[in-house]
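Participant: Give me a model of this one.
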Amino acid sequence: MIDQSKDTSLRAMALEERQTALENAAMAEREIINGLLPKDLAEQGGAILEIRAGTGGDEASLFSADLLRMYERHAQLRGWKFSTMTLVDEGDRVKEAVVDVAGRGVFGALMFESGVHRVQRVPATEGQGRIHTSTVTVAVLPHATDVHIDVKESDLRIDVFRASGKGGQHVNTTDSAVRITHLPTGIAVENQQERSQLRNKEKAMQILRARLYDMERQKVDRERRASRNRLIGTGDRSEKCRTYNFAQNRVTDHRINLSLYDLEGVMNGASLQHIIDQLRIQHDLDELADIA
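Facilitator: You can find the predicted model right below:
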């Protein structure tokens, strides 16, 4: 008579060994791909995260605040330092946020978050239960602290003005806010988060250097991909990034056609890691194709 319990146990062991073998094979493949790809030192450092409410009015500002919390929770899980540089908010709404995220490998992970994030849900103010669609734009810039960015003083226009606020003691009575404009590119950065004009200038320069550095990186990347794009066609993936559908408990990343039915897990920062991992795999495969 066949011992069914023993047969079941053997089958379970075989399935477990098969799964372990598949995971080891995938890990070995990743190591081979990583060894073939050129190293980008910027990916090993920190990043500046910019979040701005797009179309959708108050709902866009509410979702902007949701994304800010999502990234802060993800940073906590990864052991990164999350420091607000600029915050334009009204109660529980965030119109704009600029955050410094410090830690090893921050930019390499968050670089895929750049793009338009779309939310589909019923706003709290919607009385008829209709689903509204709103957007938030996210930009992730690499730290430029370890890279020499030649910014000439003569190329800068620095304006100081009185910081705006919500009133009362939070309104600065001195010209502490700073706006720096890089004349050759037209890039303008302002900061009024600190009470000190000097600190606001330092933070504005940090953001400006990051944007200039990112502009150079994108220029090199476009040149490197130009010949391949002519052959396979163009299409900027960042134009259509990700959709968060609350009614369906679904998060879809359109760049890799990945859908997760775990909205809460993504918004609390934990399941975001799975999306980042899949985007990294596709990115590395694309990079490998570029140098093949």
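
Participant: Quick check: phi and psi on residue 124?
Facilitator: phi -60, psi -30 (degrees, to the nearest 10).

Participant: what do you get for residue 59?
Facilitator: phi -60, psi -40.

Participant: from what I can see it touches residue 118, true?
Facilitator: No. Residue 59 is not in contact with residue 118 according to C-beta atoms under 8 Å; the separation is 11.3 Å. C-beta coordinates here come from the backbone N, C-alpha and C atoms, glycine included.

Participant: list residues touching both of these two?
Facilitator: residue 134 (C-beta atoms under 8 Å, 6 or more residues apart in numbering).

Participant: Can I get stretch 190-199 as CSV, trimmed to CA atoms?
Facilitator: What follows is stretch 190-199, C-alpha atoms only, in CSV (Å, rounded to 0.1, in the frame of the first residue of the first chain):
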residue,chain,number,x,y,z
GLU,A,190,13.2,79.2,-5.1
ASN,A,191,13.2,78.3,-1.4
GLN,A,192,11.5,79.9,1.6
GLN,A,193,11.3,77.0,3.9
GLU,A,194,13.9,78.3,6.3
ARG,A,195,13.8,81.6,8.3
SER,A,196,17.5,82.2,7.3
GLN,A,197,18.2,83.8,3.9
LEU,A,198,21.5,82.0,3.8
ARG,A,199,20.0,78.6,4.5
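
Participant: How about it, which residues are buried there?
Facilitator: 190-194, 197 (16 or more other C-beta atoms under 10 Å).

Participant: Can you tell me which of those is closest to residue 72?
Facilitator: residue 193 (16.2 Å; C-beta to C-beta).

Participant: The closest one and residue 204 touch, don't they?
Facilitator: No. The pair residue 193 / residue 204 is not scored as a contact, 9.9 Å apart, by C-beta under 8 Å.

Participant: Quick one: end-to-end length of stretch 176-190, please.
Facilitator: 11 Å (C-alpha to C-alpha, to the nearest Å).

Participant: pLDDT of that stretch, averaged?
Facilitator: Averaged across stretch 176-190, pLDDT comes to 91.

Participant: how about that stretch: buried residues?
Facilitator: 176-182, 189-190.

Participant: Among these, which ones are in strands?
Facilitator: Judged by DSSP state E, those include 177-182, 189-190 as members of strands.
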